[in-house]
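Student: Mind folding the following:
(one chain, ligands or ions: 2)
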Amino acid sequence: MSKCVLHVVGARPNFMKMAPLVRNLWASPGGYDHLLVHTGQHYDEHLNDSIFRDLGLKAPDIHLGSGSGTHAEQTSRIMLAFEKLVAERAPSLVVVAGDVNSTLACSVVAAKANVPVAHLEAGLRSGDWTMPEEINRIVTDRLTRLYLTPSPDADENLLREGVDPARIARVGNCMIDSLVTHVSAARSGGALARFGVEPRGFALATLHRPSNVDDPARLQKLVDVLSNIGARLPIVFPVHPRTRARMQAASISLEALAQRGLFVSEPLGYLDFLQLEDAAAVVMTDSGGVQEETTALGVPCLTVRDNTERPITITDGTNKLVGSNPDVLPAEVAAVLAGQARRGKVPDLWDGKAGQRAADAIRSFLS
Ligand code: UD1
Ligand code: UDP
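Tutor: Ligands and ions are numbered 1, 2, ... in the order given. Below is the predicted model of the structure:
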């Protein structure tokens with residue numbers, strides 16, 4: 001069997017991060033088969049197929065079909081399937097991305113099989129252990145051999161935790177590579193017309209963090225505040241399946257929201273979402289990737305969280321942490337509309353070439 005590297009994806013944000021890296025390695029494989037492995041964590045048309053299509057990414061070489069469940073159910077199902085695959089293929093390296101359960105599951109399996117792990121987007125820390133993603137990041141980085149980092153803060157976190165500097169390659173932000181590749185196609189898309197909104201004449205909102213959507217009272221409060229803002233400024237609100245399920249459970253009617261200035265939709269395709277993100281007057285979110293993309297696009301972002309693992313979007317970019325109390329949002333949105341948002345700059349190495357640098361680091365590690 002030929003020598004191979006397994007590149008793991010599972011959830012929506014993994015696809016944008018991994019696409020630029022695997023494309024580069026497929027073009028110049030350095031003597032290895034580079035196989036794309038999908039754990040099956042996300043599987044809906046809206047979270048999965050449409051994103052693969054928009055990224056122009058070929059179907060995964062291997063699909064583990066793990067699906068949803070509690071943290072333990074999902075993580076253990078991925079581990080069982082991935083362990084078999086690792087035993088069959090004996091990979092020379094496993095590459096994981098970001099901070100989702102698929103990342104954790106596959107890095108634990110690889111490390112126990114003595115297969116080195118490369119972590120794309122290593123070193124980010126929110127300092128908030130109540131976030132499942134923080135646990136995933138920290139465990140993955142304890143097991144990682146090659147750290148592919150997006151920003152200096154990530155390097156500093158790893159060095160503080162005792163990581164050997166020789167194992168860190170600051171490659172930049174792969175998710176922004178995908179943005180750079182696709183933004184012009186996105187700009188000529190039809191999402192603005194479909195929602196009937198004008199550039200800078202609307203806001204875009206996404207919410208899916210358990211801390212915001214899993215508590216019914218908090219979710220109700222958030223949608224009430226969004227509706228109040230929506231009465232003055234139209235808001236496009238693509239609803240994540242976790243959020244949709246919680247809204248249904250809390251008897252929050254999507255139809256009622258639609259009558260209060262919120263354009264509620266299924267999760268959008270990547271190109272549609274990018275077009276709206278680029279043209280929005282302001283974005284309200286709890287997403288990690290959206291904090292970064294708004295900084296890359298120079299669009300004001302209000303992050304509805306108490307902390308962020310992406311502080312560079314605040315120090316350099318257009319992001320503002322507004323905290324977890326939704327009551328502050330109307331005044332924050334008004335301030336942005338009054339021209340008080342940070343202008344920001346695009347961080348170093350968020351230049352569309354991170355995938356190339358990450359591929360170089362991997363080829364050099366393998367040789
Ligand atoms: C996951 C990641 C989160 C990431 C987000 C990106 C973890 C712990 N969380 O959160 O870090 O920001 O993806 O979107 O890995 N569901 C569907 N269809 C799907 C997938 C999920 O309906 O294709 C529903 C299921 O009811 C599922 C729930 O959404 O139980 C949550 O899915 P899951 O993948 O566990 O976590 P996310 O909230 O999507
Ligand atoms: N995104 C998308 N459609 C949507 C919402 C987001 O394509 O309706 C994209 C967004 O452009 C970014 C990524 O999804 O590239 C962010 O993923 P998500 O918010 O699900 O996860 P996080 O980054 O918080 O882990």
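Student: in which helix or strand would I find the residue in the stretch 1-150 of the chain that ligand 2 sits nearest to?
Tutor: Using C-beta to the nearest ligand atom, the single residue of the stretch 1-150 of the chain nearest to ligand 2 is P13, 3.7 Å away. Bear in mind the C-beta positions are built from the backbone N, C-alpha and C, glycine included. Using DSSP states H and E, the element containing P13 is helix 12-27.
Student: and that helix, what does it pack onto?
Tutor: strand 4-9, strand 33-38, helix 50-55, strand 93-97, strand 117-120, helix 174-187, helix 288-297, helix 354-366 (3 or more C-beta pairs under 8 Å, 6 or more residues apart in numbering; DSSP states H and E).
Student: Neighbours of M131, how many?
Tutor: Counted by other C-beta atoms under 10 Å, the residues lying close to M131 total 18.
Student: Per-residue pLDDT of it, please?
Tutor: Looking at M131, its pLDDT stands at 97.
Student: so who does it touch?
Tutor: By C-beta atoms under 8 Å, 6 or more residues apart in numbering, M131 lies in contact with R209, S211.
Student: Let me know the distance separating G323 from E255.
Tutor: Distance, G323 to E255, using C-beta to C-beta, to the nearest Å: 30 Å.
Student: on that earlier part again, what does the pLDDT read for the closest residue to the residue of the stretch 1-150 of the chain closest to ligand 2 other than its chain neighbours?
Tutor: Nearest non-adjacent residue to P13, counting by C-beta to C-beta, 6 or more residues apart in numbering: G289, 4.7 Å away. Looking at G289, its pLDDT is 98.
Student: List the contacts of G289.
Tutor: P13, M16, M175.
Student: Just the buried positions in the helix or strand of the chain with the lowest mean pLDDT, please.
Tutor: Taking mean pLDDT, DSSP states H and E as the measure, helix 254-258 is the helix or strand of the chain with the lowest mean score, a mean of 83. The neighbour-count check on helix 254-258 (16 or more other C-beta atoms under 10 Å) flags L257 as buried.
Student: For ligand 2, see how far away L159 is.
Tutor: 24 Å (C-beta to the nearest ligand atom, to the nearest Å).
Student: What's the local residue count around the residue lying closest to that residue once chain neighbours are set aside?
Tutor: Leaving aside its chain neighbours, L159 sits nearest to P165 (6.4 Å; criterion: C-beta to C-beta, 6+ apart). P165 has 9 neighbours, counted by other C-beta under 10 Å.
Student: I'd say P165 and T149 touch.
Tutor: No. Judged on C-beta atoms under 8 Å, P165 makes no contact with T149 at a distance of 11.1 Å.
Student: Residue numbers of the protein in contact with ligand 1?
Tutor: 11-13, 41-44, 47-48, 68, 74, 99-101, 132-133, 208, 241-242, 245 (C-beta under 6 Å from any ligand atom).
Student: can we see that at 8 Å?
Tutor: With the criterion set to C-beta under 8 Å from any ligand atom, the chain comes near ligand 1 through 10-13, 41-44, 46-48, 67-69, 71, 74, 98-104, 132-133, 136, 208-210, 240-242, 244-245, 287-289.
Student: R342 is nearest to which of the helices and strands packed on helix 12-27?
Tutor: With C-beta to C-beta as the criterion, R342 lies closest to helix 288-297 of the helices and strands packed on helix 12-27, at 9.6 Å.
Student: relative to helix 174-187, how tilted is that closest one?
Tutor: Interaxial angle of helix 288-297 relative to helix 174-187 (axes from the mean of the first three to the mean of the last three C-alpha atoms, to 10 degrees): 70 degrees.
Student: contacting residues around whatever helix or strand comes next after helix 288-297?
Tutor: The helix or strand immediately downstream of helix 288-297 is strand 301-303, counting by DSSP H and E. Strand 301-303 is contacted from outside by 282-286, 290-291, 294-295, 313, 317-322, 329, 332-333, 336, using C-beta under 8 Å, 6+ apart.
Student: How about stretch 51-71?
Tutor: Outside stretch 51-71, the residues that reach it (C-beta under 8 Å, 6+ apart) are 6, 9-10, 12, 15-16, 19, 22, 35-41, 43, 74, 77-78, 81-82, 85, 101-102, 132, 178, 182, 269-271.
Student: right, is it up against ligand 2?
Tutor: Yes. Using C-beta under 8 Å from any ligand atom, stretch 51-71 reaches ligand 2 at I51, D54.
Student: Quick check: buried residues in that stretch?
Tutor: I51, F52, D54, L55, L57, P60, I62, L64, S66.
Student: Backbone dihedrals for the fifth one, both of them.
Tutor: Comment: the main-chain dihedrals of L57 come out as phi -90, psi 130, following degrees, to the nearest 10.
Student: Now do it against ligand 1, distance only.
Tutor: From L57 over to ligand 1 the distance is 16 Å, taken as C-beta to the nearest ligand atom.
Student: Give me the pLDDT for the residue nearest to L35 when sequence neighbours are not counted.
Tutor: Once flanking residues are discounted, L35 sits nearest to D61: 4.3 Å by C-beta to C-beta, 6+ apart. On pLDDT, D61 comes in at 98.
Student: Kindly report the same for the one 4 residues further on.
Tutor: The predicted local distance difference test score for G65 is 97.
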